[in-house]
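J.: Turn this into a model:
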Amino acid sequence: MKAYIFEIQLKVRDYECDLQGIVNNAVYQSYLEHARHEYLHSKHISFKELTEKGIFLMVSRIEMDFKRSLTSGDNFTVKIYTERQGLKLVFFQNIYRLSDNSLCLKAKVDVISTANGVLTRGEIFDELLA
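T.: Numbers count the residues shown, from 1 in each chain. The predicted structure is shown next:
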């Protein structure tokens, strides 16, 4: 595994939990997306500015392996490392509960790019990896 290049700490809110008191599985995608957005901001890349230039970054595939459940009030961290694979940028994202450093989720997120409606070779990703 490569070294993590970014991480963000978050806290589970009550409304993100289901009737069993655990984080609903769909909420994990929001955590992952938030972390990717914050990573881009840390690289001074703005979705708004990209959109104004006609460049769109889009998720093409997500794989999530659930390991342990997060519950209300849990503090956790989302850690990221990336890898360029052909036309796409792959985000490897892991979520760890802070209280016991247990791995709760492993995810692989494939992201592609279009410019003015045409699939690109992912040149924008080279900036992210620089």
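J.: and the residue most central in space within the chain, backbone torsions?
T.: The centroid of the chain falls nearest to L32 when counting by C-alpha atoms, centre = their mean (3.4 Å). Main-chain torsions, L32, degrees, to the nearest 10: phi -60, psi -40.
J.: Setting aside sequence neighbours, what's the nearest residue to it?
T.: On the basis of C-beta to C-beta, 6 or more residues apart in numbering, the spatially nearest residue to L32 that is not a chain neighbour turns out to be Q93, at 5.1 Å. Quick note: C-beta positions are derived from backbone N, CA and C, even for glycine.
J.: hmm, back to that, pretty sure the residue nearest to the centre of the chain is touching A107, no?
T.: Yes - look at L32 against A107 with C-beta atoms under 8 Å: they come within range, at 5.6 Å.
J.: overlap in contacts of the two?
T.: By C-beta atoms under 8 Å, 6 or more residues apart in numbering, L32 and A107 have these common neighbours: 62, 64, 91, 93, 95.
J.: Neighbour count, pLDDT and secondary structure added to the residues you listed, as TSV?
T.: Output for those, formatted as TSV (neighbours: other C-beta atoms under 10 Å; pLDDT from 0 to 100; DSSP: H, G, I helix; E, B strand; the rest coil):
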residue	neighbour count	pLDDT	secondary structure
I62	16	98	strand
M64	16	98	strand
F91	23	97	strand
Q93	27	98	strand
I95	26	98	strand
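J.: need the residues you listed in CSV with distance to G73, can you?
T.: Listed next are the shared contacts of L32 and A107 as CSV, based on distance: C-beta to C-beta, whole Å:
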residue, distance to G73
I62, 26
M64, 22
F91, 27
Q93, 22
I95, 15
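J.: Out of those residues, which comes closest to N101?
T.: Nearest to N101 out of the shared contacts of L32 and A107 is I95 (C-beta to C-beta; 11.4 Å).
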